[in-house]
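Chemist: have a look; sequence and predicted model below, questions after that.
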Amino acid sequence: QVQLVESGGGLVQAGGSLRLSCTVSGTLESINTMGWYRQIPGAQRDRVATIGKDASFYYADSVNGRFTVYGDMAKKTTYLQMDSVKPEDTAVYYCYLSYMETSWRGREVWGQGTQVTVSS
């Protein structure tokens, strides 16, 4: 069974930096997309930054230029480098993985979530 283990959340001051890490455990055929979403209470989960198997990148407008997503699909790890953080970046951050369980069956899995709090 494929699982995601996250680490790196916590409290940081506005303008500071934080790095989130996510490691994939379990057996899979290949990775389609990996990256990060975030959610605040009462709101939907929004995509923050992802990397595709074709090395395509997505960044939400609100984080573009401040956050960087790294992905090593061979090592099954992804990182989110968060720089120049703002109080509005406060949220629970979730690692996300879209993968092929077999050559014909795709699946998605989420991490447990890690709290990031930015103080002003």
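Modeler: Cool, got the structure. Residues are numbered from 1 along each chain as shown.

Chemist: where does the chain have low pLDDT?
Modeler: Nowhere does the chain drop to pLDDT under 70.

Chemist: tell me which stretches of it form strands.
Modeler: 3-7, 10-13, 18-25, 30-39, 46-52, 57-59, 67-72, 77-82, 91-100, 106-110, 114-119 (DSSP state E).

Chemist: of all the residues in the shortest one, which ones are buried?
Modeler: Using 16 or more other C-beta atoms under 10 Å as the burial criterion, the residues of strand 57-59 that qualify are residue 59. C-betas here are computed from N, CA, C, even on glycine.

Chemist: run through who's touching that strand.
Modeler: 35, 47-52, 67, 69 (C-beta atoms under 8 Å, 6 or more residues apart in numbering).

Chemist: centre-most residue in the protein?
Modeler: residue 36 (2.1 Å; C-alpha atoms, centre = their mean).

Chemist: that one contacts residue 68, doesn't it?
Modeler: No: Residue 36 is beyond contact range of residue 68, at 10.8 Å (criterion: C-beta atoms under 8 Å).

Chemist: and for these two, which residues touch both?
Modeler: 49, 80.

Chemist: before we move on, the earlier item: now for the contacts of strand 57-59: which two are most distant?
Modeler: 52 and 67 (16.6 Å; C-beta to C-beta).

Chemist: higher neighbour count, these two?
Modeler: Under the criterion of other C-beta atoms under 10 Å, the comparison of residue 52 against residue 67 puts residue 67 first, with 21 against 16.
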